[in-house]
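In: dropping the sequence and predicted coords here.
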Amino acid sequence: MNRFVPAEPELRLAPDWGSAPTFAPRADHESAASRAVKVAVLRTVFGAVVLVFGWVVYTQLVPVVVQRAFRPLTLRHVPPSSTVPRSSPTSAPARIADVPVAAGTSQQELAEKRRAELQAAAFQRQKDQAWLGFYSAPASCERPVDWKAQVQCGNQYMRAKKDFERRWLIEHPSSELSRGAVVLDNGSIGGARK
């Protein structure tokens, strides 16, 4: 039978008590402190680099990406060719215009729309000036004392506005806004009421 026999511990002598002390633990402590300082400095530098990189991405890259994401699609304008039939298999491809055209509206349509908006705005300014000359609130409506007075002043204003609109349409029958559009109190143009 083989029995496991533990080995005897090895005995060693302790260092001489009279010799100079060793500074190994202190040296380990200083090197650990030095490593901790180096790690802290490296973390700070890394954090600064990440912060600067993030700032550059946020201020330089994100606006470009957002701008390109919301840029309208553009199509090149292809003029119809009357000299080459479209069904001809040997026909040359159509020439593509050098200027891109926004999908949906042309420059002429945009100019006409802008001109119509300017005319409507000028017409609305003229109408607003005429309204200011037509109606002035009575002194009792400047600071109504109770709810009943407020309601009466509001009704008086609405009656005057309705009368003004009727007279305005009689005096300006050829205006574009008199053909079924209603100018609301906030200045916007709404559809005709039914």
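Out: Happy to help now that I have it. Note that this is a predicted model, so its numbers are computed, not measured.
In: where do the helices sit along the protein?
Out: Secondary structure of the chain (DSSP state H): helices at 24-56, 62-69, 107-134, 147-171.
In: can you list those helices in CSV and add mean pLDDT and distance to residue 6?
Out: Any C-beta I mention is one placed from the backbone N, CA and C, and that applies to glycine too. Listed next are the helices of the chain as CSV, based on pLDDT from 0 to 100; distance: least, C-beta to C-beta, whole Å:
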stretch, mean pLDDT, distance to residue 6
helix 24-56, 87, 31
helix 62-69, 82, 70
helix 107-134, 90, 98
helix 147-171, 92, 105
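In: can you redo these as TSV with distance to residue 5?
Out: Below are those laid out as TSV (distance: least, C-beta to C-beta, whole Å):
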stretch	distance to residue 5
helix 24-56	36
helix 62-69	75
helix 107-134	102
helix 147-171	110
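In: tell me, how many residues neighbour residue 168?
Out: As a burial measure, residue 168 scores 19 neighbours (other C-beta atoms under 10 Å).
In: confirm for me that it is in contact with residue 129.
Out: No. Checked against C-beta atoms under 8 Å, the pair residue 168 and residue 129 is beyond contact range at 11.6 Å.
In: which one of the helices of the chain lies closest to residue 141?
Out: helix 147-171 (3.7 Å; C-beta to C-beta).
In: list the helices and strands that closest one packs on?
Out: Contacts defined by 3 or more C-beta pairs under 8 Å, 6 or more residues apart in numbering; DSSP states H and E place helix 147-171 against helix 107-134.
In: what residues sit buried inside the helix it packs on?
Out: Buried residues in helix 107-134, defined by neighbour count with 16 or more other C-beta atoms under 10 Å: 120, 123, 127.
In: same check, this time on stretch 54-63
Out: Within stretch 54-63, not a single residue qualifies as buried, counting by 16+ other C-beta under 10 Å.
In: stretch 160-170 too?
Out: Residues of stretch 160-170 classed as buried under the neighbour-count rule (16+ other C-beta under 10 Å) are 164, 168.
In: just the CA trace of it, in PDB.
Out: The C-alpha coordinates for stretch 160-170 follow below in PDB (Å, rounded to 0.1, in the frame of the first residue of the first chain):
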ATOM      1  CA  ALA A 160     -69.000  95.900 -38.200                       C
ATOM      2  CA  LYS A 161     -66.500  93.400 -39.700                       C
ATOM      3  CA  LYS A 162     -69.300  91.700 -41.600                       C
ATOM      4  CA  ASP A 163     -70.600  95.000 -42.900                       C
ATOM      5  CA  PHE A 164     -67.100  96.000 -43.900                       C
ATOM      6  CA  GLU A 165     -66.500  92.700 -45.800                       C
ATOM      7  CA  ARG A 166     -69.800  93.200 -47.600                       C
ATOM      8  CA  ARG A 167     -68.900  96.700 -48.700                       C
ATOM      9  CA  TRP A 168     -65.400  95.700 -49.600                       C
ATOM     10  CA  LEU A 169     -66.600  93.000 -51.900                       C
ATOM     11  CA  ILE A 170     -69.000  95.500 -53.600                       C
END
